[in-house]
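**Q** Here's my sequence, what's the structure:
(4 chains)
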There are 2 protein chains.
Amino acid sequence: MRKRLPVIACCTPLAGSSLSDEDAAELEQLFKVLADRNRVKILNILLRARGQAVCVCEFTDQLDLAQPTVSYHLKLLREAGLLDREKRGTFAYFRVRPEAMERLHSLVEPAALAKAV
Amino acid sequence: MRKRLPVIACCTPLAGSSLSDEDAAELEQLFKVLADRNRVKILNILLRARGQAVCVCEFTDQLDLAQPTVSYHLKLLREAGLLDREKRGTFAYFRVRPEAMERLHSLVEPAALAKAV
DNA sequence: CTCCTTCATCGACGATCATCTATATGGCGG
DNA sequence: CCGCCATATAGATGATCGTCGATGAAGGAG
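**A** Purely as a prediction, here's the structure:
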């Protein structure tokens, strides 16, 4: 917090209102979910499957992680609305939600980040 | 890691090679930098400035953070290649690197995430 | 030269996160 | 019904992160 006015002006104050704390927090949360290499790999696997449902065992095979850890990452991605789960018997299948990926893509557009969510 | 083959097939194995660990780590790092509401706000302020240089005091005014904390966030954004710094006397001015924002935007394209970096 | 101002760095602290092992849940085969 | 298998949840632990106060470095004013 600036206590005194500067002796000389360092810049002209910016016009317009800041991004609200709620909007910034929403973006923070979305990026936080993506900020893990294993979750990035999960997304990559699902996107390469072209919308097809992928079994959990596929991730545990490819990710060199313990099974509960894979379950943890899938839960985060699902809670973020990026994935859908479908259970068949004891198996669980995941697929990407295309509209969520589209929304993500539009949110990181410079023109979008220059405003609010 | 799957120890035995499943009794019944849960899914047909996916074709194609996984995203490499280095590529996944690069995306992880980029998203990690964005995964903080105050850094999101900094980016928003800079993008609203439309490429104009913005003084550090602008961020300390708007972000309700101590000055060292603002400095810390600006350093992370700069190290990620998202910001440029320009010093004039004792003041420091930051601006967004448009090509970095463009790259970010293209990286989160679903078609791009379906491959490698 | 000396003081003040701006910004960066350092060291510490509390919170959050990714990971594991152990355990629970729930379906399927015998 | 009993035991196995796939997945989810719980609890613990070590690492990383965001924040602060204190301090350092460097430029401008008098």
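
**Q** so which residue of chain A comes closest to DNA strand D?
**A** residue A:68 (2.9 Å; CB to the nearest atom of the strand). Where C-beta positions appear, they are placed from N, C-alpha and C, glycine not excepted.

**Q** got a pLDDT number for residue A:12?
**A** Note for residue A:12: predicted pLDDT of 75.

**Q** er, residue A:18 actually
**A** 79.

**Q** which residues does the spatially most central residue of chain A contact?
**A** For chain A, the residue sitting closest to the mean C-alpha position, by CA atoms, centre = their mean, is residue A:30 at 3.6 Å. Residues in contact with residue A:30 (CB atoms under 8 Å, 6 or more residues apart in numbering or on different chains) are A:80, A:104, A:107.

**Q** picking that back up, now the residue of chain A closest to DNA strand D: which helix or strand?
**A** For residue A:68, the host element (DSSP states H and E) is helix A:67-79.

**Q** Over to residue A:29?
**A** Element membership for residue A:29 (DSSP H and E) is helix A:21-34.

**Q** quick one, that helix and helix A:67-79 angle?
**A** Counting by axes from the mean of the first three to the mean of the last three CA atoms, to 10 degrees, helix A:21-34 points 150 degrees away from the direction of helix A:67-79.

**Q** Helix A:21-34 - what's its average pLDDT?
**A** Averaging pLDDT along helix A:21-34 gives 96.

**Q** One more: stretch A:37-51?
**A** The pLDDT scores in stretch A:37-51 average 95.

**Q** what about it and DNA strand C, touching?
**A** Yes. Using CB under 7 Å from any atom of the strand, stretch A:37-51 reaches DNA strand C at residue A:38.

**Q** ok, that stretch near chain B or not?
**A** Yes. Counting by CB under 8 Å from any CB of the partner chain, chain B is contacted by stretch A:37-51 at A:37-38, A:40-41, A:43-45, A:47-50.

**Q** Could I have the CA atoms of that stretch written out in PDB?
**A** Presented in PDB, the C-alpha positions along stretch A:37-51 are these (Å, rounded to 0.1, in the frame of the first residue of the first chain):
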ATOM      1  CA  ARG A  37       2.300 -32.700 -15.300                       C
ATOM      2  CA  ASN A  38       0.300 -35.900 -14.500                       C
ATOM      3  CA  ARG A  39      -3.000 -34.100 -15.000                       C
ATOM      4  CA  VAL A  40      -1.700 -32.600 -18.200                       C
ATOM      5  CA  LYS A  41      -0.800 -36.100 -19.400                       C
ATOM      6  CA  ILE A  42      -4.300 -37.400 -18.400                       C
ATOM      7  CA  LEU A  43      -5.800 -34.600 -20.500                       C
ATOM      8  CA  ASN A  44      -3.500 -35.400 -23.400                       C
ATOM      9  CA  ILE A  45      -4.400 -39.100 -23.300                       C
ATOM     10  CA  LEU A  46      -8.100 -38.300 -23.300                       C
ATOM     11  CA  LEU A  47      -7.800 -35.800 -26.100                       C
ATOM     12  CA  ARG A  48      -5.800 -38.200 -28.200                       C
ATOM     13  CA  ALA A  49      -8.700 -40.700 -27.600                       C
ATOM     14  CA  ARG A  50     -10.900 -38.200 -29.600                       C
ATOM     15  CA  GLY A  51     -13.800 -38.200 -27.300                       C
END
